[in-house]
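S.K.: give me a 3D structure for the following:
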Amino acid sequence: MLTPQETDRLFAVLKNMRADGKSIIIITHKLHEVLSISDRVSILRKGEYAGTVDTDMATESSLTELMVGKKVELNIECPEPVNRHLRLNVHNLSVTNAEGVRVLDSISFEAFSGEILGIAGISGNGQKELLEAIAGLQHVDAGSSVVYYPDDDRDSTAEQLIGKTPKDIRDMGVHLSFVPEDRLGMGLVGSMSMVDNMMLKSYTSGHSPFADRKAPRHLAEEIKDSLGVVTPSINTPVSRLSGGNVQKVLVGREIADAPSVLMTAYAVRGLDIHTSYTIYHLLNEQKQKGVAIIYVGEDLDVLVDLCDRILVLCDGKNNGIVEGRKTSKEELGLLMTSLQENHGGTDR
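M.R.: As a prediction, this is how the structure comes out:
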């Protein structure tokens, strides 16, 4: 992922190359980049050539229609939070990796129900470790704290998540769903079917020694239909699916688990634009149901349009928290690459 400033410099180089007589082919899923730099656009849909248009005659909507095969609304809603209350209090969260490098350095922030908190940062600045530490999948340094509040009352019984395994967290009654960056290595079992991967979330809840496959099968069919998962069968091993379809299975399963906290790392990576907007809509539905959502994304335009607040990571530190409705991708780009003196997460 490049910041807006880095993208501008790259495009300036490409335009100079074009002026020098070079032929340039650029592949990108960001339509505003296509429109800003290309002369012609060729569209592929499901592996087939769908046509070529002159860029000056195209719009984001017309390109999307060619990509998807039908009209798609390209509006990301960002409703104001309702009944917002504290759900997670992360304090002084630090992680040191196996090489002795501190990849997260004293991160503090709050996540609220009915809100989408975005996480921005250049890849490798601690996003992965941050979500995994909250989910109980990452060893953390002494002094780190992640406190979960089960209801509206800040003075109610709070639960410390640090030191707990994912199973411990679930047994405590904390419904935490996590879409990790590593789809098949951590999110799903590649050799198992959609049905069996659905069952991974429910097989311990029955009272019989035999696993109930009826509900997981129904859920697999529902996700296949609602998100348009392309698969020969819901019994096909998910490792045989394309990366985008694997992502649909994972996101669909985690959202269907009725979480109180939903964490997603690059939830729309590899997805077509129609499915991406379906995911954004699903996240907003969860937000309006009172779920606290932590959204790690690489598209700054989407972060600004979708998120209520955005925490910016730079060099493993909290470089500030900005309001999505008041910031710009240029401000985010500067915060991602230039560490502020008084970093620490105050809203601006």
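S.K.: can you pull the domain assignment for the chain?
M.R.: 4-68, 111-132+175-337 (automatic domain parsing).
S.K.: would you map the strands across the stretch 51-200 of the chain?
M.R.: Secondary structure of the stretch 51-200 of the chain (DSSP state E, counting those that start in this stretch): strands located at 86-96, 102-112, 115-120, 145-148, 159-160, 176-179.
S.K.: mind putting those strands into JSON lines with mean neighbour count, mean pLDDT and distance to Arg309?
M.R.: C-beta: built from backbone N, CA, C; applies to glycine. Formatted as JSON lines, those follow (neighbours: other Cβ atoms under 10 Å; pLDDT from 0 to 100; distance: least, Cβ to Cβ, whole Å):
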{"stretch": "strand 86-96", "mean neighbour count": "20", "mean pLDDT": "94", "distance to Arg309": "13"}
{"stretch": "strand 102-112", "mean neighbour count": "20", "mean pLDDT": "94", "distance to Arg309": "9"}
{"stretch": "strand 115-120", "mean neighbour count": "25", "mean pLDDT": "96", "distance to Arg309": "5"}
{"stretch": "strand 145-148", "mean neighbour count": "19", "mean pLDDT": "94", "distance to Arg309": "18"}
{"stretch": "strand 159-160", "mean neighbour count": "13", "mean pLDDT": "92", "distance to Arg309": "23"}
{"stretch": "strand 176-179", "mean neighbour count": "23", "mean pLDDT": "92", "distance to Arg309": "20"}
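S.K.: and the ones you listed: which comes nearest Met336?
M.R.: Distance to Met336, taken as Cβ to Cβ, is lowest for strand 115-120 among these, at 6.1 Å.
S.K.: neighbouring contacts of the closest one?
M.R.: 78, 81, 84, 109, 111, 127, 130, 283-284, 287, 292-297, 300, 303, 306-313, 324, 332, 335-336 (Cβ atoms under 8 Å, 6 or more residues apart in numbering).
S.K.: buried members of these into ChimeraX, please.
M.R.: In ChimeraX syntax, the buried subset of the contacts of strand 115-120 is picked out as below (16 or more other Cβ atoms under 10 Å):
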select :78,81,109,111,127,130,283,284,287,292,293,294,295,296,297,300,303,306,307,308,309,310,311,312,313,324,332,335,336
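S.K.: next step: the contacts of strand 115-120 restricted to strands.
M.R.: 109, 111, 292-296, 309-313 (DSSP state E).
S.K.: which one among the residues you listed gets closest to Asp20?
M.R.: Nearest member of those to Asp20, counting by Cβ to Cβ, is Val312, at 36.6 Å.
S.K.: could you find the closest non-adjacent residue to that closest one?
M.R.: Distances taken as Cβ to Cβ, 6 or more residues apart in numbering place Leu335 nearest to Val312, at 4.1 Å, with adjacent residues excluded.
S.K.: so that neighbour touches Asp315, yeah?
M.R.: No - contact criterion Cβ atoms under 8 Å: Leu335 and Asp315 do not qualify, at 11.3 Å.
S.K.: the residue lying closest to Gly187 once chain neighbours are set aside: which element?
M.R.: Of all residues not flanking Gly187 in the chain, Leu250 sits nearest, at 4.5 Å (Cβ to Cβ, 6+ apart). Using DSSP states H and E, Leu250 maps to helix 243-255.
S.K.: who does the helix or strand just after that helix touch, helix- and strand-wise?
M.R.: Downstream of helix 243-255, the next assigned helix or strand under DSSP H and E is strand 261-265. On a contact count with 3 or more Cβ pairs under 8 Å, 6 or more residues apart in numbering; DSSP states H and E, strand 261-265 meets helix 127-134, strand 176-179, helix 243-255, helix 273-288, strand 292-296.
S.K.: what's the closest of the ones you listed to Lys71?
M.R.: helix 273-288 (10.0 Å).
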